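**Student:** Pasted the sequence and its predicted model underneath.
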Amino acid sequence: MGIRLIIFIAILSILDFYAFQVIKTLTKSQWIHWIYILLSISVLGYMVYAFMTYDRSVGPTKESLRVAGIFLLFFVPKLVLLLFMFGEDIIRVIVGGYNYITDSLLDRKAAEFIPSRRKFVSQIAMGAAAIPFASFIYGMFKGKYNFKVLTHVLHFDDLPEAFDGFRITQISDIHSGSFDDPKKIEYAIDLINEQENDILLFTGDIVNTKAEEMDPWIDTFKRIKTPAFGKYSVLGNHDYGEYVSWSSEIEKEANFQAIKDIHKKIDFRLLLNESAFVEKDGDRLAIIGVENWGHNFKKAGDLKKASEATSKEDFKILLSHDPSHWEHEVKEDHHNYHLTLSGHTHGFQFGIEIPGIFKWSPVQYVYKQWAGIYKEFGRYINVNRGFGFHAYPGRVGIWPEITVIQLKKGRKTA
């Protein structure tokens with residue numbers, strides 16, 4: 001803990017040092033300098049205090065989310081300033097070295113050869129840093145509840161006739177322990193109910209860690225209408241209580257059982273490495289649910305066990321929280337999983353999206369499939385961007401999502 005804390009303080013101090021160079025270049029006002037120094041010391045002190053007092057037996061709390069938000073709000077813009085100032089320093093040193101070598105007055109002090117900082121560079125740096133600062137503020141106060149309904153139409157040659165036009169609504173990553181605005185959640189539930197779905201599917205992470213986080217929200221989520229073909233769900237990595245220290249395995253197991261019981265309380269059928277069939281006019285679809293299977297996370301999922309009751313010819317919809325499961329096990333499986341629904345990534349809760357044109361987020365360097373629809377080997381996966389939020393208490397550019405997928409028989413026509 002001691003070494004990590006020292007490294008943490010050192011990194012933040014470097015960021016503050018370079019950010020202060022911008023302030024000094026832009027203004028000579030001493031009182032502005034002192035305001036900046038006092039504010040920086042206060043924020044750094046709060047970060048260190050939060051770092052030292054974090055209690056793993058409690059796990060993620062709204063306070064820890066607030067700390068994460070303040071960290072990003074104050075230090076990501078400073079990282080932008082550092083990039084500009086450090087880049088300018090490299091140029092200043094190169095120019096200073098050249099001046100030293102070429103100047104005949106070699107008895108001059110080295111500092112006299114290095115150009116002073118240029119005000120316009122600091123102005124550009126400050127303008128660039130203002131973009132993430134304003135974005136994070138918006139994300140914390142507005143973006144985290146900026147719910148979007150995203151609709152996709154997917155075509156399958158072997159879709160049973162009776163399910164042509166079948167509508168699926170998917171939600172994922174509720175993370176109820178992060179919520180702080182009941183009215184916004186009620187609004188989102190109303191959006192779900194407006195979709196006229198045939199089936200509702202939830203792909204895991206109902207809490208951050210503890211079952212009790214969902215207690216204030218049971219009645220709210222129970223308001224989700226049960227469509228004609230039911231509501232089904234699976235577990236995500238956060239539902240196993242892995243991110244908190246427990247006094248005993250008995251306590252951890254009791255929490256896990258309580259989390260599984262939540263699904264019954266809100267009228268979802270939880271699929272634990274098992275499958276169910278929905279039938280219509282003599283045709284049927286298989287809904288297969290695996291426990292969490294993540295490439296770098298808990299691997300409780302058992303695809304073979306979950307699919308025992310299904311055949312290769314059945315049309316199958318697989319619920320698997322982590323999209324890395326599709327990449328590593330599912331997409332090439334000969335059992336033929338037509339459509340996989342996942343979540344987990346949250347789209348990093350930060351990125352840039354211009355629908356149909358451009359999509360970027362840092363999470364794409366970790367997950368090949370990280371947001372939206374992907375197709376390989378004639379099979380599809382949808383990675384839902386998440387209903388709730390976690391870690392950073394906001395969203396910037398990657399908004400909370402309710403997905404509606406309509407299944408159509410036959411090939412897509414131009």
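**Tutor:** Structure's in. What do you need?
**Student:** alpha carbons only for contacts and neighbour counts from here, please
**Tutor:** Fine.
**Student:** How far off centre is the helix or strand containing residue 98?
**Tutor:** Residue 98 belongs to helix 62-102 when assigned by DSSP states H and E. Offset of helix 62-102 from its chain centre (Cα atoms, centre = their mean, to the nearest Å): 26 Å.
**Student:** Past that helix, which element shows up next along the chain?
**Tutor:** Per DSSP H and E, the helix or strand that comes after helix 62-102 is helix 119-141.
**Student:** Name the surrounding residues that touch stretch 171-185.
**Tutor:** Residues outside stretch 171-185 that contact it (Cα atoms under 8 Å, 6 or more residues apart in numbering) are 61-62, 65, 145, 200-209, 213-214, 217, 220, 236, 342-344, 346, 384-390, 393, 401-403.
**Student:** Which of those fall within strands?
**Tutor:** Cross-referencing the contacts of stretch 171-185 against strands under DSSP state E gives 200, 201, 202, 342, 401, 402, 403.
**Student:** if we take these, which one ends up nearest to residue 19?
**Tutor:** residue 401 (35.9 Å; Cα to Cα).
**Student:** Could you pull up the residues touching the closest one?
**Tutor:** With Cα under 8 Å, 6+ apart, residue 401 has these contacts: 147, 148, 149, 150, 171, 384, 385, 386, 387.
**Student:** one more time with 7 Å, if that's ok
**Tutor:** Counting by Cα atoms under 7 Å, 6 or more residues apart in numbering, residue 401 touches 147, 148, 149, 150, 384, 385, 386, 387.
**Student:** wait, what's in contact with the closest residue to it other than its chain neighbours?
**Tutor:** Leaving out its chain neighbours, the residue that sits closest to residue 401 by Cα to Cα, 6 or more residues apart in numbering is residue 148, at 5.1 Å. The contact partners of residue 148, by Cα under 7 Å, 6+ apart, come to 399, 400, 401, 402.
**Student:** now the residues you listed as JSON lines including distance to residue 11?
**Tutor:** Listed next are those as JSON lines, based on distance: Cα to Cα, whole Å:
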{"residue": "399", "distance to residue 11": "30"}
{"residue": "400", "distance to residue 11": "32"}
{"residue": "401", "distance to residue 11": "35"}
{"residue": "402", "distance to residue 11": "38"}
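**Student:** Of those, which is the most crowded?
**Tutor:** residue 400 (29 neighbours; other Cα atoms under 10 Å).
**Student:** That residue contacts residue 384, doesn't it?
**Tutor:** No. Counting by Cα atoms under 7 Å, residue 400 does not reach residue 384; the two are 8.7 Å apart.
**Student:** before we move on, back to that, phi, psi for the residue nearest to residue 401 please.
**Tutor:** Per-residue torsions, residue 148: phi -120, psi 140 (degrees, to the nearest 10).
**Student:** overlap in contacts of residue 400 and residue 384?
**Tutor:** Counting by Cα under 7 Å, 6+ apart, nothing touches both residue 400 and residue 384.
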